[in-house]
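J.: fold the following, please.
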Amino acid sequence: MLDPAITSFFAERKEAWLKKNLKASMDEAQTREAQQQCEAAFSLSIWLPKAAKRAGQISMATHPCTFSHPSARKNKNGYVSSVIAKAERATDGFLRSGNVVVDTDALGNAAALDVYKFLTLEMTDGQQLLTHIQHDSELATQLLTLKDVTYLELKAGFVAMAESGSENVTSSKIKQVYFPVDDDYHQLSILTNSGMLYQLRKRIDTLRFSDEVKVLRDLKKKNEYSAQGFAEIYGLTTIGYGGTKPQNISVLNNQNGGKAHLLSSLPPQIEKRTLHFPRSNFFSESFRPYEYKDVFQALHRIFKIDYKNNKQLRNSRDARIHEVMDKVIAKMWAIRSISELQYNSESSQLSRAQKIWLHHDFTEQRENTDEWLDTLLNEISSWFASTYKTAVGKQAMILGEEERLHFLKMITQHKEALR
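T.: Sure, this is the predicted structure:
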């Protein structure tokens, strides 16, 4: 009994043949004759010997030479060697032959593609028919045992599709590289692994156009919530092989319409960081003088006046202090946003209070304790006084304990905002 895949193969071809050859004008006798002719043409005793003779017109290959040039297969030295890479799988981290399960391609006479499809049919045990023939399985011997042709003749014809020549033949139309080996060179022909090429396209198309992704993309378009996200791939390039005749390149190329996807291999566009997570001190490393100089100079102009007896000037002084605190809090949020990415626990010399204040990992401690915050308020107060002197220079007023305590009082008003 034939494997269901083989039965289905011949049924499809019979159906296609009858659809092409049966005419509405035929009478019953002509129709019956055509049907008998179809049955005979696709009987095992007739179709298999013819197919075995045509099998050699196609060569199976993992790296078809025609991807380099459509006319590369034949030259004055004969046919370019068919390459079937048989590499073992290894956890070496490389995307290479053997590490990806892909289909074996084929190239040659497009008229013999039906033989290729026949030999690559998957049997009920998961193996291809060609594999059964190569290993002389019971399925293969039953299928290829005919009256007029021997099993060995049919086997030799079919396995020729998967055999390479005894000599290594390349072509001038294939890119060549001379690779230094000791005191000599090896000539390498650069070929395309078409199975991996189209496995890449299959995976990319699944990521972009699967039914599940279409639903998720539609939800995004409608601005509706989804617990599951989806991936986008940017910078894709589509390359065509074979023009209007993709079948002249290879079987896989024809099945994919001659179109493959190329991932972008451009070097990354590196942007200079404008924000760095501080290593030892937030105030000295995260602020630049130009960010606060104008505010402290405005504060200095108030200090030079007898502001203590003038409520409007005192309010103006306090407004400048609050303005600086707004800058501190804005910078705090900016630093927190990069803390997970840039913080290095081994090299960090931040005080514990500043670590709790700035780093994402200390969120719970930051929200539920106050000791670190009291320490931080004093640090900000001290920074305020020293930064005033730096911003104004030699003209800075001498600030006493009264001013420091007032700074601390104003800063404390931002206590919860600093948390």
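
J.: can you pull the domain assignment for this structure?
T.: Following automatic domain parsing, the chain resolves into domains at 194-262, 282-418.

J.: closest to Gln36 out of those domains?
T.: When the domains of the chain are ranked by proximity to Gln36, the top entry is domain 194-262, at 31.7 Å, counting by C-beta to C-beta. Just so you know, the C-beta spots here come from the backbone N, C-alpha and C atoms, and that holds for glycine as well.

J.: can you confirm Ala417 is in a helix?
T.: Yes. If the criterion is DSSP: H, G, I helix; E, B strand; the rest coil, then Ala417 is within a helix.

J.: now it. Nearest residue, chain neighbours left out?
T.: Ile329 (5.4 Å; C-beta to C-beta, 6 or more residues apart in numbering).

J.: low-confidence ranges in this structure?
T.: Applying pLDDT under 70 to the chain flags residues 77, 165.

J.: the residue nearest to Ala417: neighbouring residues, count only.
T.: Each residue near Ile329 was counted by other C-beta atoms under 10 Å, and the total is 13.

J.: excluding its backbone neighbours, what's nearest Arg366?
T.: Using C-beta to C-beta, 6+ apart and skipping residues adjacent in sequence, the residue nearest Arg366 is Ile356, 5.2 Å away.

J.: buried sites along whichever strand or helix holds the one you found?
T.: Of the helices and strands defined by DSSP states H and E, Ile356 is found in helix 352-358. Buried positions in helix 352-358, judged by neighbour count with 16 or more other C-beta atoms under 10 Å: 353-358.

J.: and if you look at stretch 209-219?
T.: Neighbour-count burial for stretch 209-219, with 16+ other C-beta under 10 Å as criterion, is recorded at Val213.

J.: outside of that stretch, which residues touch it?
T.: If you take C-beta atoms under 8 Å, 6 or more residues apart in numbering as the criterion, stretch 209-219 is touched by 206-207, 225-226, 228-230.

J.: CA atoms of that stretch as PDB?
T.: Coordinates of the C-alpha atoms in stretch 209-219 are reproduced here as PDB (Å, rounded to 0.1, in the frame of the first residue of the first chain):
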ATOM      1  CA  PHE A 209       2.100  39.400   9.000                       C
ATOM      2  CA  SER A 210       0.800  36.400  11.100                       C
ATOM      3  CA  ASP A 211      -2.900  36.500  12.000                       C
ATOM      4  CA  GLU A 212      -2.000  37.100  15.600                       C
ATOM      5  CA  VAL A 213       0.200  40.100  14.800                       C
ATOM      6  CA  LYS A 214      -2.500  41.500  12.500                       C
ATOM      7  CA  VAL A 215      -5.000  41.500  15.400                       C
ATOM      8  CA  LEU A 216      -2.500  43.100  17.800                       C
ATOM      9  CA  ARG A 217      -1.600  45.800  15.200                       C
ATOM     10  CA  ASP A 218      -5.300  46.500  14.700                       C
ATOM     11  CA  LEU A 219      -5.700  47.000  18.500                       C
END
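
J.: picking up where we left off before, quick check: phi and psi at the residue nearest to Ala417.
T.: Backbone torsions for Ile329, taken as degrees, to the nearest 10, come to phi -70, psi -40.

J.: check the one 5 residues further on too.
T.: Ala334 adopts backbone torsions of phi -60, psi -40, taken as degrees, to the nearest 10.

J.: which ones are touching it?
T.: By C-beta under 8 Å, 6+ apart, the neighbours of Ala334 are Leu275.

J.: what about it, distance to Val215?
T.: According to C-beta to C-beta, to the nearest Å, Ala334 and Val215 sit 37 Å apart.

J.: which parts of this structure are strands?
T.: Listed in chain order, the strands of the chain (DSSP state E) span residues 58-61, 74-75, 78-79, 105-108, 176-181, 184-189, 237-240, 259-262.

J.: the residue nearest to Arg366 contacts Thr363, doesn't it?
T.: No. The pair Ile356 and Thr363 does not pass the contact test of C-beta atoms under 8 Å, sitting 9.1 Å apart.

J.: shared neighbours, those two?
T.: When C-beta under 8 Å, 6+ apart defines a contact, no residue borders Ile356 and Thr363 alike.

J.: ok, and the closest non-adjacent residue to Asp318?
T.: Met410 (5.8 Å).

J.: residues near the one you found, how many?
T.: A total of 19 residues lie near Met410 under the criterion other C-beta under 10 Å.

J.: which stretches in the stretch 251-400 of the chain count as helices?
T.: Defined through DSSP state H, counting those that start in this stretch, the helices belonging to the stretch 251-400 of the chain, from first to last, are 251-255, 282-285, 289-303, 311-342, 352-358, 363-368, 371-392.

J.: ok, now the stretch 1-150 of the chain?
T.: If you assign secondary structure with DSSP H, counting those that start in this stretch, the helices in the stretch 1-150 of the chain sit at 4-21, 28-41, 44-54, 113-119, 129-134, 138-144.

J.: now render these as JSON lines, adding mean neighbour count and distance to Leu313.
T.: Formatted as JSON lines, the helices of the stretch 1-150 of the chain follow (neighbours: other C-beta atoms under 10 Å; distance: least, C-beta to C-beta, whole Å):
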{"stretch": "helix 4-21", "mean neighbour count": "13", "distance to Leu313": "94"}
{"stretch": "helix 28-41", "mean neighbour count": "12", "distance to Leu313": "107"}
{"stretch": "helix 44-54", "mean neighbour count": "16", "distance to Leu313": "102"}
{"stretch": "helix 113-119", "mean neighbour count": "20", "distance to Leu313": "93"}
{"stretch": "helix 129-134", "mean neighbour count": "20", "distance to Leu313": "94"}
{"stretch": "helix 138-144", "mean neighbour count": "17", "distance to Leu313": "101"}
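
J.: quick one: which of the ones you listed is nearest Trp383?
T.: Within the helices of the stretch 1-150 of the chain, the stretch nearest Trp383 is helix 129-134; the backing value is 75.9 Å (C-beta to C-beta).

J.: which secondary structure elements does the closest one contact?
T.: With contacts defined as 3 or more C-beta pairs under 8 Å, 6 or more residues apart in numbering; DSSP states H and E, the packing partners of helix 129-134 are helix 113-119, helix 138-144, helix 151-159.

J.: could you rerun that using 6 Å?
T.: Secondary structure elements in contact with helix 129-134, counted by 3 or more C-beta pairs under 6 Å, 6 or more residues apart in numbering; DSSP states H and E, are helix 138-144, helix 151-159.
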